[in-house]
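Q: have a look at this fold, sequence not included:
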């Protein structure tokens, strides 16, 4: 997993200088490009590559002109490469000062990533968050459905099943054929969902489905 959050103390200056994925709430996301690449290579999501990782923002793909470019977050094509959501690691963070600065509360905490793109064909994106026992999590994957090109996005939540030693890919599933997907996850007693890491996967309904989207989440939503 890779981390894409920064503290409020330094975030604004970094993000204003070149953050392409504005945060929805007060946390600041910045490209996680801290690698020292050799000549001829550039840093994409902390990985040195000699070519951009399949971005549809490439001029060679004029049909996607004006679409966002999230190549700084690539590759995030499987759970091991998942981008950790803002505050997604709070429950396992070890520095109390940093913890309190970034995430003063786990109740009614809303954030997410904007300007994301599911492209080229066949791509899928993963985002990670750590849940404690007896917590709730609501995801909104926001996009506009379309037929040409096919633009139907689906989403599901994964977790690792310790009992069987394999992935569960159906913790929550969103498979609508219109705009947006909503998913709910609970680790309350009796749900069968333990404390641990959960992974949101965003993918096309078919190999050909591509689109741009926003991921928004609310942790432990409270109604007063």
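A: Alright, I've got the coordinates. Keep in mind that this is a model prediction, so the values were computed, not measured.
Q: how far away is residue 221 from residue 149?
A: Distance, residue 221 to residue 149, using C-beta to C-beta, to the nearest Å: 35 Å. To be clear about C-beta, it is placed using only N, CA and C from the backbone, and glycine gets the same treatment.
Q: tell me who's in contact with the most centrally placed residue in the chain.
A: Centroid-nearest residue in the chain: residue 127, 3.4 Å away (criterion: C-alpha atoms, centre = their mean). By C-beta atoms under 8 Å, 6 or more residues apart in numbering, the contact list for residue 127 reads 76, 82, 83, 84, 85, 88, 113, 199, 200, 202, 215.
Q: can we see that at 6 Å?
A: Neighbouring residues of residue 127 by C-beta atoms under 6 Å, 6 or more residues apart in numbering: 82, 83, 85, 200.
Q: in helices only, show me these.
A: Assigned to helices by DSSP state H, none of those qualify.
Q: in strands only, show me these.
A: 83, 200 (DSSP state E).
Q: the strands in this protein, which residues?
A: For the chain, the strands defined by DSSP E cover 2-3, 5-6, 28-29, 42-44, 47-49, 83-84, 109-118, 124-131, 136-142, 153-161, 166-174, 181-186, 196-204, 211-219.
Q: pLDDT on the second one, on average?
A: Taken as a whole, strand 5-6 carries a mean pLDDT of 36.
Q: 22 is where my numbering starts, stick with that
A: Yep, numbering from 22; the last one is strand 26-27 now.
Q: for residue 199, report the pLDDT, please.
A: On the pLDDT scale, residue 199 is placed at 86.
Q: ignore what I typed, I meant residue 153.
A: At residue 153, pLDDT is 89.
Q: ok, so what distance separates it from residue 147?
A: Noted for residue 153: a distance of 21 Å to residue 147, by C-beta to C-beta.
Q: and the furthest pair within the contacts of residue 148?
A: Longest distance between any two of the contacts of residue 148 is 9.8 Å, between 104 and 221; criterion C-beta to C-beta.
Q: and the nearest residue to residue 149 once chain neighbours are set aside, how many residues sit next to it?
A: The shortest distance from residue 149 to any non-neighbouring residue, by C-beta to C-beta, 6 or more residues apart in numbering, is to residue 103 (3.9 Å). By the criterion of other C-beta atoms under 10 Å, residue 103 has 23 neighbours.
Q: surely residue 103 and residue 145 touch.
A: No: counting by C-beta atoms under 6 Å, residue 103 sits too far from residue 145 to count as a contact (10.8 Å).
Q: could you give the backbone dihedrals for the residue located most distally from the centre of the chain?
A: The centre of the chain is farthest from one residue, residue 60, which by C-alpha atoms, centre = their mean lies 30.0 Å away. Backbone torsions for residue 60, taken as degrees, to the nearest 10, come to phi -60, psi 140.
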